[in-house]
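# model this:
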Amino acid sequence: MDFELLTTDPGSRARAGKITTDHGEIETPIFMPVGTVASVKGVHQRELKEDINPDVILGNTYHLYLRPKTEILKKAGGLHKFMNWDRNILTDSGGYQVYSLSARRKIKEEGVKFKSHIDGSYHTFTPENVMEIQRAIGADIIMAFDECTPYPCDYNYAKRSMHMTHRWLDRCINHLGKTPEIYDYKQTFFPIVQGSTYKDLRKQSAEYIANAGAEGNAIGGLSVGEPAEEMYAMTDVVTEILPEDKPRYLMGVGTPINILENIALGIDMFDCVMPTRNGRNGMLFTSHGTINIKNKKWEDDFSPIDPEGVSFVDSEYSKAYVRHLFSVNEMLGRQIASIHNLSFYLWLVREARKHILAGDFTSWKDKMVKQMDKRL
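Model (predicted):
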């Protein structure tokens with residue numbers, strides 16, 4: 001992987017860059033649609049490529065390990081071929097899913113024993129086998145195995161967990177050195193900063209992760225219930241330390257406003273299930289605020305969802321029509337909403353990039369935050 005930092009905004013730490021892997025270029029800042037189980041939920045690959053057009057999507061190690069299983073992915077030639085996606089893929093390590101299974105798992109130094117949410121069967125993730133699983137999945141960018149702490153989190157627990165995450169990182173790196181790629185392209189490894197919402201722990205972790213010398217770095221354990229201001233404070237601490245010449249990925253974040261504020265703090269990569277999950281429930285993101293499309297007020301509104309025309313949806317479907325689809329429980333409504341929201345997120349980060357390159361990101365960002373912080 002190669003990362004080229006093109007420019008930094010004069011009024012903030014916002015950056016425009018370019019990541020190049022064997023599956024193509026990724027212009028940053030970037031939002032990665034979440035394809036948890038080898039599918040961005042409710043969106044056909046053709047629509048994903050032609051209408052939403054992301055440079056990279058995310059797959060989930062925990063879910064892909066359970067279904068369809070790594071043996072099937074190996075037989076298919078890796079996740080790219082299995083799901084017919086010829087662009088970049090990033091996989092998380094399963095650490096967040098293990099966190100979310102708090103009633104179904106036991107964490108020890110060796111790794112994590114957990115019960116499948118599907119059939120209750122027992123499995124174990126260790127730093128070593130998670131590296132092997134991600135080799136088999138074949139993502140272009142793979143993550144270290146870490147523990148994602150909850151919020152709120154006791155300081156001593158957060159400290160112990162952070163140090164264990166660092167020891168797990170060393171084991172990941174050691175095992176990767178013994179485990180070559182399976183397919184005919186290179187994989188890039190990102191370690192993950194932890195430390196909950198404690199500045200001293202985040203600083204320690206960022207320094208440890210920076211010293212690992214990986215080609216890119218991630219920040220985990222945020223967007224787990226903490227106030228947005230705490231998220232920004234932790235990001236601020238970490239991006240001061242992580243090397244400028246390597247991409248920075250803030251995992252699982254977030255709302256459109258969260259994304260813009262974290263771009264301003266020096267983050268390059270984002271992912272979140274919010275565009276599709278909220279879309280399926282009738283919440284649409286626009287450049288002028290959020291819309292609950294189920295509300296009666298849209299019943300006879302024949303204007304596009306977003307006047308900026310962020311997606312093909314805006315030229316083809318009115319608010320009234322999409323509301324009608326939700327009112328009759330037609331699955332097309334949920335699909336249109338998902339495509340629109342994903343298109344909006346990609347439009348937003350691409351507009352951010354334009355303004356970073358133009359040198360006026362901060363003023364544009366402040367205007368957009370005010371516009372989007374409304375319920376329409």
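# what does whichever strand or helix holds residue 175 rub up against?
When elements are assigned from DSSP states H and E, residue 175 belongs to helix 155-178. When contacts are taken as CB atoms under 8 Å, 6 or more residues apart in numbering, the neighbours of helix 155-178 outside the stretch itself are 109, 126-128, 130-132, 144-147, 149, 153, 189, 191-192, 194-196, 198, 201, 204-205, 208-209, 212. Placement of C-beta: from N, CA and C, glycine included.
# list the helices and strands the helix or strand following that helix packs on?
Elements were assigned by DSSP H and E; along the chain past helix 155-178, the next helix or strand is strand 188-190. In this structure, strand 188-190 makes packing contacts with strand 141-143, helix 155-178, judged by 3 or more CB pairs under 8 Å, 6 or more residues apart in numbering; DSSP states H and E.
# tell me the most buried of these?
Among these, ranked by average contacts under mean count of other CB atoms under 10 Å, first place goes to strand 141-143 (a mean of 27).
# and it, which strands flank it?
In the sheet, strand 141-143 lines up against strand 88-92 (parallel), strand 188-190 (parallel) (DSSP bridges).
# would you list those strands in JSON lines and tack on distance to residue 336?
Rendered in JSON lines, the data for the strands paired with strand 141-143 read as follows (distance: least, CB to CB, whole Å):
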{"stretch": "strand 88-92", "distance to residue 336": "25"}
{"stretch": "strand 188-190", "distance to residue 336": "34"}
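# and the worst-scoring helix or strand of the chain on mean pLDDT, which residues are buried?
In the chain, the helix or strand scored least confidently by mean pLDDT, DSSP states H and E is helix 95-100, which has a mean of 75. Judged by neighbour count (16 or more other CB atoms under 10 Å), helix 95-100 contains these buried residues: 95-99.
# thinking again about what came up before, and residue 288, which of the helices and strands packed on strand 188-190 is closest to it?
For residue 288, the closest of the helices and strands packed on strand 188-190 is strand 141-143, at 33.7 Å, according to CB to CB.
# and the contacts of that closest one?
In contact with strand 141-143 (CB under 8 Å, 6+ apart) are residues 1, 21, 56, 61, 88-93, 95, 131, 134-135, 187-190, 192, 216, 218.
# sorry, back to before: mind putting the helices and strands packed on strand 188-190 in a markdown table, mean pLDDT included?
Supplementary listing: the helices and strands packed on strand 188-190 in a markdown table, determined by pLDDT from 0 to 100:
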| stretch | mean pLDDT |
| --- | --- |
| strand 141-143 | 98 |
| helix 155-178 | 97 |
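# quick check: which element contains residue 147?
Remark: residue 147 resides in no helix or strand, with elements defined by DSSP H and E.
# check contacts around it.
The neighbourhood of residue 147, defined by CB under 8 Å, 6+ apart, consists of 95, 98-99, 107, 112, 161, 164-165, 168, 194.
# for the helices and strands packed on strand 188-190, which one sits closest to residue 266?
In this view, the helices and strands packed on strand 188-190 are compared for proximity to residue 266 by CB to CB, and strand 141-143 is the closest at 18.5 Å.
# sorry, back to before: adding distance to residue 37, write the helices and strands packed on strand 188-190 out as JSON lines.
Putting the helices and strands packed on strand 188-190 into JSON lines (distance: least, CB to CB, whole Å) gives the following:
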{"stretch": "strand 141-143", "distance to residue 37": "17"}
{"stretch": "helix 155-178", "distance to residue 37": "24"}
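# ok, which of those comes nearest residue 11?
Ranking the helices and strands packed on strand 188-190 by proximity to residue 11 (CB to CB) places strand 141-143 first, at 29.5 Å.
# and residue 183, how many residues sit next to it?
Other residues near residue 183 come to 17 when the count uses other CB atoms under 10 Å.
# got it, and residue 93?
Counted by other CB under 10 Å, the residues lying close to residue 93 total 29.
# now swap in residue 46 and tell me
9.
# so where is the stretch 151-300 of the chain shaky, pLDDT-wise?
Judged against pLDDT under 70, the stretch 151-300 of the chain has no low-scoring part.
# hey, where'd the strands end up in it?
For the stretch 151-300 of the chain, applying DSSP state E, counting those that start in this stretch gives strands covering 188-190, 192-193, 217-219, 248-250, 269-271, 283-286, 289-292.
# how far away is residue 211 from residue 22?
Between residue 211 and residue 22 the computed distance is 27 Å (CB to CB, to the nearest Å).
# between the two, which one's more packed in?
residue 22 (14 against 10).
# once you drop chain neighbours, what's closest to that one?
Here the nearest residue to residue 22 in space, its sequence neighbours aside, is residue 185; by CB to CB, 6 or more residues apart in numbering that works out to 3.7 Å.
# isn't the one you found right up against residue 1?
No: assessed by CB atoms under 8 Å, residue 185 is found out of contact with residue 1, at 10.6 Å.
# quick one: common contacting residues for these two?
Counting by CB under 8 Å, 6+ apart, the shared contacts of residue 185 and residue 1 are 21, 140.
# sorry, back to before: so which elements touch the least confident helix or strand of the chain?
The contact analysis (3+ CB pairs under 8 Å, 6+ apart) places helix 95-100 against helix 61-66.
# go with 6 Å
Here helix 95-100 is seen to pack against no other helix or strand when contacts are counted using 3 or more CB pairs under 6 Å, 6 or more residues apart in numbering; DSSP states H and E.
# how far away from the center of its chain is that helix?
Between the centre of helix 95-100 and the centre of its chain there are 14 Å (CA atoms, centre = their mean, to the nearest Å).
# contacting residues around that helix?
62, 105, 112, 145-146, 148 (CB atoms under 6 Å, 6 or more residues apart in numbering).
# rerun at 8 Å
The contact list for helix 95-100, computed with CB under 8 Å, 6+ apart, reads 60, 62-63, 105, 107, 112, 114, 125, 143, 145-150, 192, 220, 224, 251-252.
# tell me how far residue 327 lies from residue 376.
Applying CB to CB, one obtains 18 Å for the distance of residue 327 from residue 376.
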